[in-house]
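> Sequence first, predicted coordinates after that:
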Amino acid sequence: MTIAEVFNPVVLIGIALAGGLGSVIRFAMSKWQGYLPWGILLANITASFFAGWAVVYFNGNDTWVAITVVGLAGGLSTFSSWAGAAVQMAASGKAFRPAVYTIFTLVLSSTAAYLGLLLG
């Protein structure tokens with residue numbers, strides 16, 4: 001994708017709309033709490049799967065890859081919420097939980113991205 005294609009209004013609007021949708025879905029999912037912040041974990045896993053799937057499914061169509069991976073998956077996934085939750089758990093004296101949460105997030109999200117690539 002060239003720089004001119006990146007700044008194409010259709011691409012930018014598509015990324016913005018898809019990113020907004022992903023963010024709204026993540027916000028709704030983030031309300032599922034428990035021993036771990038299950039909603040954020042599920043949002044990151046889902047976004048990772050979808051990004052892997054979209055890269056293969058839309059192969060050769062940079063516009064749709066940008067809209068789905070950068071927009072939708074980017075809006076759905078969240079590094080800052082993951083890190084914030086891990087820090088909050090650690091600060092509250094729950095040393096084991098942030099470690100479990102970090103391992104779950106990294107392993108399950110990476111596995112989901114790989115499965116998305118296989119199924120794309």
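Now that the structure is in, tell me what you want to look at.

> neighbours of residue 99, just the number please.
Residue 99 sits with 13 neighbouring residues when counted by other Cβ atoms under 10 Å. Every residue, glycine included, has its C-beta placed from N, CA and C.

> any idea which element it lies in?
Element membership for residue 99, per DSSP states H and E: helix 96-119.

> For that helix, what is the distance to the chain centroid?
11 Å (Cα atoms, centre = their mean, to the nearest Å).

> Phi first, then psi, for the residue nearest the centre of the chain.
The residue lying closest to the centre of the chain (Cα atoms, centre = their mean) is residue 77, at 2.3 Å. Backbone torsions of residue 77, given as degrees, to the nearest 10, read phi -80, psi 160.

> so what's it up against?
Going by Cβ atoms under 8 Å, 6 or more residues apart in numbering, residue 77 touches 22, 26, 43-44, 47-48, 51.

> remind me which residues of this structure are low pLDDT?
Where the chain drops to pLDDT under 70, the residues are 1.

> where exactly do the helices run in it?
3-6, 9-29, 38-57, 62-65, 74-76, 79-91, 96-119 (DSSP state H).

> Export only the CA atoms of the longest one, formatted as CSV.
In CSV, the C-alpha atoms belonging to helix 96-119 read as follows (Å, rounded to 0.1, in the frame of the first residue of the first chain):
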residue,chain,number,x,y,z
PHE,A,96,-0.1,-14.5,41.0
ARG,A,97,-3.1,-13.1,39.1
PRO,A,98,-1.2,-10.7,36.9
ALA,A,99,1.2,-13.4,36.0
VAL,A,100,-1.6,-15.8,35.0
TYR,A,101,-3.4,-13.0,33.1
THR,A,102,-0.2,-12.1,31.2
ILE,A,103,0.5,-15.7,30.3
PHE,A,104,-3.1,-16.3,29.2
THR,A,105,-3.2,-13.2,27.1
LEU,A,106,0.1,-13.9,25.3
VAL,A,107,-0.4,-17.6,24.7
LEU,A,108,-4.1,-17.5,23.9
SER,A,109,-3.9,-14.4,21.7
SER,A,110,-0.9,-15.8,19.8
THR,A,111,-2.6,-19.1,19.3
ALA,A,112,-5.8,-17.4,18.2
ALA,A,113,-3.9,-15.4,15.6
TYR,A,114,-2.2,-18.5,14.3
LEU,A,115,-5.6,-20.3,14.1
GLY,A,116,-6.9,-17.3,12.2
LEU,A,117,-4.1,-17.6,9.7
LEU,A,118,-4.9,-21.3,9.2
LEU,A,119,-8.6,-20.7,8.7
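
> Fine by me, we can end here.
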